[in-house]
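> Prediction below, plus the sequence it came from.
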Amino acid sequence: MKERFGTELSVKYPQKNATSFSDYFHRLSMIDIQISVEQRTTKQNMEILFFKTYFDKISTGRKKGFIAESAIPVYGNEYLIADAVCMLQTPNRKELFAIEMYR
């Protein structure tokens, strides 16, 4: 990715070998979507405030606890996990998107 795009795009990608092949093409499609969103926002004078995906994990503070960055809390310890969640700053307002990709 660095060789192809340099540091222009802020797309996250796995640094090590993928742990699961079962969602390889799904992850690849999500990266393609993020690249497309980055390119579109640049052309339309918008800014990506954040772009979080299900395969990026954050600590829950527990011993073995990690959760997807795109998790949306619903009630108590329950949550929905979107493939991606992003917020765009348009010339007029902020817009929040939850992205689900089916292939």
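Yep, it's here.
> how many other residues sit next to the spatially closest residue to residue 53 that is not a sequence neighbour?
In this structure, residue 53 finds its nearest non-sequential neighbour in residue 84, 4.8 Å apart by Cβ to Cβ, 6 or more residues apart in numbering. For the C-beta atoms, the positions are set from N, CA and C on the backbone; glycine is no exception. As a burial measure, residue 84 scores 23 neighbours (other Cβ atoms under 10 Å).
> how about residue 84, what does it touch?
By Cβ atoms under 8 Å, 6 or more residues apart in numbering, the contact set of residue 84 is 30, 33-34, 51-54, 70, 97-99.
> quick one: pLDDT of it?
For residue 84, the model assigns a pLDDT of 88.
> Now the phi/psi pair for it, please.
Phi and psi for residue 84, reported as degrees, to the nearest 10, are phi -160, psi 150.
> if we can go back for a sec, drop anything exposed from the contacts of residue 84.
30, 33-34, 51-54, 70, 99 (16 or more other Cβ atoms under 10 Å).
> Pick the one among those residues closest to residue 88.
residue 51 (9.2 Å; Cβ to Cβ).
> How far off centre is the host helix or strand of the closest one?
Using DSSP states H and E, residue 51 falls within strand 47-53. Its chain's C-alpha centre and that of strand 47-53 lie 7 Å apart, by Cα atoms, centre = their mean, to the nearest Å.
> Show me what the helix or strand following that strand is packed up against.
Counting by DSSP H and E, the element after strand 47-53 in chain order, helix or strand, is strand 57-59. When contacts are defined as 3 or more Cβ pairs under 8 Å, 6 or more residues apart in numbering; DSSP states H and E, strand 57-59 sits against strand 66-68.
> how about the strand it packs on: buried residues?
residue 68.
> Pull up the pairing partners for that strand, direction included.
strand 57-59 (antiparallel) (DSSP bridges).
> who's in contact with the strand it pairs with?
By Cβ under 8 Å, 6+ apart, strand 57-59 touches 65-69.
> any idea which of these is closest to residue 22?
Using Cβ to Cβ, the contacts of strand 57-59 come closest to residue 22 at residue 68, 15.8 Å.
> Now for residue 69: which residues touch it?
Residue 69 neighbours (Cβ under 8 Å, 6+ apart): 52-54, 56-58, 85.
> Alright, I will stop here.
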